[in-house]
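Novice: quick one, structure for this:
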Amino acid sequence: MLLYKNSFEQTYYDILSVKEDASYEEIRGCYRSAILNSHPDKLHKTTETSSRSSTTDLESGDRFLKIQKAWETLSDWRSRAVYDSELRAARQEDAGTAEDDVSLEDMTINEDEDEDEGDGKVLELFYQCRCGDYFSVDSSELGEMGYAVSREGSKISLQTTPRTTLPSSSSVVILPCGSCSLKLRLFINAPL
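Specialist: Below is the predicted model:
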């Protein structure tokens, strides 16, 4: 489970697939593309030709509403400034509460073949907490953040995916302990 705002909960920038320093024109272009691809009328036509479940329809409608809300906030410079300020404050609050700092190399690897991630293996990374439980993150969660995780022997490597919109080559993820209230700050350094 991830606690860091940017990875646990998508930001409006993530929803529109733009960088946080994107211009109004870039945001507008990505909004138009996203809204066209997730519009309920367009999806309704594809639903008639294929047998998609109502759950998928609900998820599509929810995505459409998220895109609309993201546009409403990011298209107005005043609301965008307030949103950016709140986002920075939330990140500082989360980052300031961590008990310990670790790098990816400090994590223990567990490979779970029951879960499917395309190649049939999900890598779970652990770090033991002083309470005896663990801080953990898996490759699917890191994938949602824009990192492809691979393993060669006992070495883990991360590659950024094309959709990654991270501002620098170093990222921080806050991981909560499974039992107690302690948090861990995991530093991820991946080549861009």
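Novice: off-centre distance for the helix or strand Ile15 falls within?
Specialist: Using DSSP states H and E, Ile15 sits within helix 12-16. Using C-alpha atoms, centre = their mean, to the nearest Å, the mean C-alpha position of helix 12-16 is found 10 Å from that of the whole chain.
Novice: helices or strands up against that helix?
Specialist: If contacts are counted by 3 or more C-beta pairs under 8 Å, 6 or more residues apart in numbering; DSSP states H and E, helix 12-16 sits against helix 24-38, helix 54-74. The way it works is simple: take the backbone N, C-alpha and C, and place the C-beta from them, glycine included.
Novice: tell me the mean pLDDT for it?
Specialist: Helix 12-16 comes out with an average pLDDT of 92.
Novice: other residues contacting that helix?
Specialist: Helix 12-16 is contacted by residues 6, 19-20, 22, 27, 30-31, 34, 66-67, 69-71, 73-74, 83, 165 when judged by C-beta atoms under 8 Å, 6 or more residues apart in numbering.
Novice: now list the buried members of these.
Specialist: Buried by 16 or more other C-beta atoms under 10 Å: 6, 20, 22, 27, 30-31, 34, 66-67, 70-71, 74, 83, 165, out of the contacts of helix 12-16.
Novice: ok, the residues you listed vs Met145, which is closest?
Specialist: For the buried ones among the contacts of helix 12-16, the closest approach to Met145 (C-beta to C-beta) belongs to Asn6, at 7.5 Å.
Novice: I'd like to know how far Tyr31 sits from Asn37.
Specialist: 11 Å (C-beta to C-beta, to the nearest Å).
Novice: just to revisit the earlier point, take the helices and strands packed on helix 12-16 and lay them out in JSON lines including distance to Lys183 and mean pLDDT.
Specialist: As requested, the helices and strands packed on helix 12-16 are exported to JSON lines (distance: least, C-beta to C-beta, whole Å; pLDDT from 0 to 100):
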{"stretch": "helix 24-38", "distance to Lys183": "32", "mean pLDDT": "93"}
{"stretch": "helix 54-74", "distance to Lys183": "27", "mean pLDDT": "82"}
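Novice: wait, which of these is closest to Gly146?
Specialist: Nearest of those (C-beta to C-beta): helix 24-38, 15.6 Å.
Novice: counting neighbours, which bits of the closest one end up buried?
Specialist: 27-28, 30-31, 34-35, 38.
Novice: next, the angle from that helix to helix 54-74.
Specialist: Relative orientation of helix 24-38 versus helix 54-74 (axes from the mean of the first three to the mean of the last three C-alpha atoms, to 10 degrees): 160 degrees.
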